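*Asks:* Just to be clear, the model below is a prediction. Sequence and coordinates:
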Amino acid sequence: MSTRTLDHAPSRPPAALPRYAMAACAVLAPALTIAGLLAHTDTAWLEGRELVEAIAADPGAFTADTWLGPIATLLWVPAILAVGRVARARAGGIGLIGLILAFALALPLAAEQNQLAYLAVRGGLDVDATTALLDAAGTGAAALFGWSFLVGLLGLVLLGAAILRGRSAPWWTGVTLIVAAVGMVPSWQSGSIIAIVATWTILLIGFAGCAATLATHPGARE
C-alpha cells in the first residue's frame, strides 16, 4: 500500500483541529446556503423592486439574513480551501487554477442584495428609494461581483476535473462538483425553488465528499 501527501511532499500531516475545522466548513457553507433558500422559498430568486416589496411587506422574515450572509462568507473561504486541498493532491496544476477561480464564489455573498435591501428598509427608506439604491449598487465596478460568481463556478468545474483526473477523492465527488456548477445558472433561471435547492444539495454532496476525504486522510490517499 502506498500513500501520497496532499502537497506532493513528505511533510507532516496538518494538525487535527485545523483539518477538521476546514472539513466542517466545507459542509456548513453550502448547508447554510440551502437553509437560507428554504427560509425564503417564495422570494429566493426575486430581484430589484420585487425583492424590496417582499422585504418591506415583512422585514422580520429577513432579519436572519443579516447574520447568515457574513457567516456564510467566512465559512466559504475555508470550505473552498478544503476542496482545493483535496483536488490538488494528484492534479496540482488544474487544482490550483480551480482553487484560485473558486474563491470568487465568496465575493457575491459579501454584497448580497437581500442584506442591502433589508438594511435600507429598516433604516426608513421607502420602496422607490431602496430600489434605486439596489440599481445603483449593481452598476459600475459593483457589477463585477455578480460576474465573479460565474468565474467561481468555472473554478468548481476545474476542481471537479482535478479530482476525477487525480482520483484524490471518490469519483462521485468530482462529478457532483461539475454537475452542480454547470446546473447552477439554469436552475436559478428556471424560477423553481426545487431545482435551485436540488442543485445546491448536489454541491453539498460534493463538498461533503471532499470534507470526508480531508478528515479521514489527513496527509495521504491510499
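*Replies:* That came in fine, so what should we check first? Numbering: from 1, shown residues only.

*Asks:* Tell me the secondary structure at residue 41.
*Replies:* coil (DSSP: H, G, I helix; E, B strand; the rest coil).

*Asks:* now residue 202
*Replies:* Residue 202 - assigned by three-state DSSP - is helix.

*Asks:* got the contact list for it?
*Replies:* 176, 179-180, 183 (CB atoms under 8 Å, 6 or more residues apart in numbering). (C-beta placed from N, C-alpha, C; glycine too.)

*Asks:* Among those residues, which one sits closest to residue 67?
*Replies:* Closest to residue 67 out of the contacts of residue 202 is residue 180 (25.1 Å), distances taken as CB to CB.

*Asks:* residues near the closest residue to residue 41 other than its chain neighbours, how many?
*Replies:* Nearest non-adjacent residue to residue 41, counting by CB to CB, 6 or more residues apart in numbering: residue 193, 4.8 Å away. By other CB atoms under 10 Å, 17 other residues sit near residue 193.

*Asks:* Do I have it right that residue 193 meets residue 37?
*Replies:* Yes. Residue 193 is within contact range of residue 37, at 6.8 Å (criterion: CB atoms under 8 Å).

*Asks:* thinking again about what came up before, mind listing which of the contacts of residue 202 are in helices?
*Replies:* Cross-referencing the contacts of residue 202 against helices under DSSP state H gives 176, 179-180, 183.

*Asks:* circling back to that earlier point, mind giving me CSV with the contacts of residue 202 and columns for neighbour count, distance to residue 120 and pLDDT?
*Replies:* Formatted as CSV, these follow (neighbours: other CB atoms under 10 Å; distance: CB to CB, whole Å; pLDDT from 0 to 100):
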residue, neighbour count, distance to residue 120, pLDDT
176, 24, 37, 97
179, 19, 37, 97
180, 25, 32, 96
183, 19, 32, 94
